Every structure is written in C-alpha cells, then in structure tokens.
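Chemist: okay, predicted coordinates and the sequence, questions at the end:
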Amino acid sequence: MNVLDAHQHYWRLSRGDYGWLTPDQGVLYRNFEPQDLAPQLIECSVTGTIVVQAAPTEAETRFLLGLARQHTDIRAVVGWVDFEAADVRERIRALVREGAGKLKGFRPMVQDIADSRWLAKPALDAAFDGLVEHNLTFDALVKPVHLEILIRRLRQHPGLKTVLDHAGKPNIAAGQFEPWAAHVQELARTTSSYCKLSGLLTEAAPAAGVTELDPYVAHVFECFGAQRVMWGSDWPVLITRASYGEWFAMARELVARHAPGHEEAVFSANARRFYQLD
C-alpha cells in the first residue's frame, strides 16, 4: 500500500513564534525536523507527507516551504496567513508565488482564538474568497464548539475545498459524543468537506486505544464515507500518547473495521486528490 501522511508538523524552537509551545509541553519542547521523522516514515513505508503550520505567522509558512524545497518527501505545505489583514488576498498571492506549487492551503488556528464565533466575522470573507480564487484548501482546526459556525461559513463558499482536522477534536477522554456527532453529520451532509483521521489519541485519555476511539471513528466513516477521510499522524504531537508506528497500526485496524477494501483511499488516494498532488 502506498501511504501518504496527510498531517504532520515540523518546528524549530529558535524561530520563536510558537506561542503555545512552552517548557510545560514536556517532550514536545524541542526541535522536530525532517531527520527526526525519517526513521518512522521508513518503518511504516510512508512515501510522503503533508506538513501543516504550527505557528500563526507567515514567516513559519516560509520556513516550511524552505524545508519542502530541501526534502522531497514533503509533498505539500499547509501554511498560515493573516485572514483579517486588509491586504489578505495580496498576501495569499505572494505566498502562492513563493510556494512554487508546494503551498496547497492555509490553516488559521481557530481553536486558539478566544472568540468562538471568529469564523463568522465578515472581515474574513476576502480571505476565504482568496482561497477559492487560487484553488487552495482550508484546514479547519476547530473544536466541537466551533462546528456550527464552521458549517455556516462553508455554506457561504460552496467552492471552497475544506478538511476537518482531527475530526473536529471530540472530547473522547470525557466520553462526550453529542453535540459533536450531530454537527459532524450535518457538516458531512451539507458540505463537500473531507475529514482527517488524525489527532484522536490526543483527545483521549492517556491509556486509550482502539476500543475508546472506535465509536468516534465509526461515526466519521458513517458520515463522510471512505472517499472523504484521510489518515494523518499529527506527529510530533502524537508522541504524547503513542509512537508513530503504534498509531499507524491502530489506524489500520480501525480502517479495516469501518472501511474494508478502502485502505488505499484513506491512507493515500483521498489526500492526493484533495491536495492535488502529482
């Protein structure tokens, strides 16, 4: 099976723009760069990755594009741009030009924004229109509280290619299924969004495994179908719960259970189609 990791991160602490990344993050508070992930990619026969922003700066986007130029296994970059900037469409255009085909989309860090209704702000219209204009994707980093507003935003931009990061981050540790499940069902039914099978272990209790994740993963496949779900590692955030290989094995078991016969789609083809990879 040809495997593509649709969601992972790199960071270099000395860059200084990772506001969330402080010493109390423990094992995550160090550099994570391509040479650190390479052994895990080889072990799991992963042939390429989508690297996703981890800092709310355009400087970090340029840092990731620089890594992509140096490492052929980075197939695409999902960056950050100031969605509220008056000149956001010019900023998007400039980053697309610098990306030279590697920049495929953007991700505002909605989960970290104090205003839970931020996505509804009319000031963001130009940014979303800019994404559509340049055929770029929108990675929705949201929590369950944001899902209703996300649905409203996406209805304003029917041509926008959107993927729900980490399945919308359900609170698995507390066993909370609703209203997350109802909103995910509506999102899948009323929009063309995809969903990432990633980041779920981080939302679960430390000892959680396939059993705890199963009802949430079952719901994702029931709502989106096997052709709109893509696997991602969320490495290195993942390592607070499991190793790369352990999560890959869990994901394979869950996909075999809920989307049998569609492993190639979930672990590769869907992400290639969504991010328009050659």
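Modeler: Nice, I can see it.

Chemist: quick one: the helices in the protein?
Modeler: For the chain, the helices defined by DSSP state H occupy 34-43, 58-70, 88-99, 125-133, 147-156, 180-190, 200-203, 210-224, 244-258, 263-264, 270-274.

Chemist: tell me the angle of the first one relative to helix 58-70?
Modeler: With axes from the mean of the first three to the mean of the last three Cα atoms, to 10 degrees defining the directions, helix 34-43 sits at 50 degrees from helix 58-70.

Chemist: list the helices and strands helix 34-43 packs on?
Modeler: Applying 3 or more Cβ pairs under 8 Å, 6 or more residues apart in numbering; DSSP states H and E, we find helix 34-43 packed against strand 46-52, helix 244-258. Every C-beta, even on glycine, is put in place using the N, C-alpha and C of the backbone.

Chemist: which one, of those, ends up nearest to Tyr18?
Modeler: When these are compared by Cβ to Cβ, strand 46-52 sits nearest Tyr18, at 13.2 Å.

Chemist: for that closest one, which positions count as buried?
Modeler: Val46, Gly48, Thr49, Ile50, Val51, Val52 (16 or more other Cβ atoms under 10 Å).

Chemist: between these, which is nearest Ala259?
Modeler: Once Cβ to Cβ is applied, the member of the buried residues of strand 46-52 that ends up nearest Ala259 is Val46, at 18.8 Å.

Chemist: quick one on the thing from earlier: any chance of the helices and strands packed on helix 34-43 in CSV, plus mean pLDDT and distance to Arg30?
Modeler: CSV is the format used below for the helices and strands packed on helix 34-43 (pLDDT from 0 to 100; distance: least, Cβ to Cβ, whole Å):
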stretch, mean pLDDT, distance to Arg30
strand 46-52, 98, 17
helix 244-258, 98, 16
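
Chemist: ok, back up a step: now the helices of the chain in a markdown table, with distance to Asn2?
Modeler: Below are these laid out as a markdown table (distance: least, Cβ to Cβ, whole Å):
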| stretch | distance to Asn2 |
| --- | --- |
| helix 34-43 | 13 |
| helix 58-70 | 20 |
| helix 88-99 | 24 |
| helix 125-133 | 28 |
| helix 147-156 | 30 |
| helix 180-190 | 26 |
| helix 200-203 | 23 |
| helix 210-224 | 21 |
| helix 244-258 | 14 |
| helix 263-264 | 7 |
| helix 270-274 | 9 |
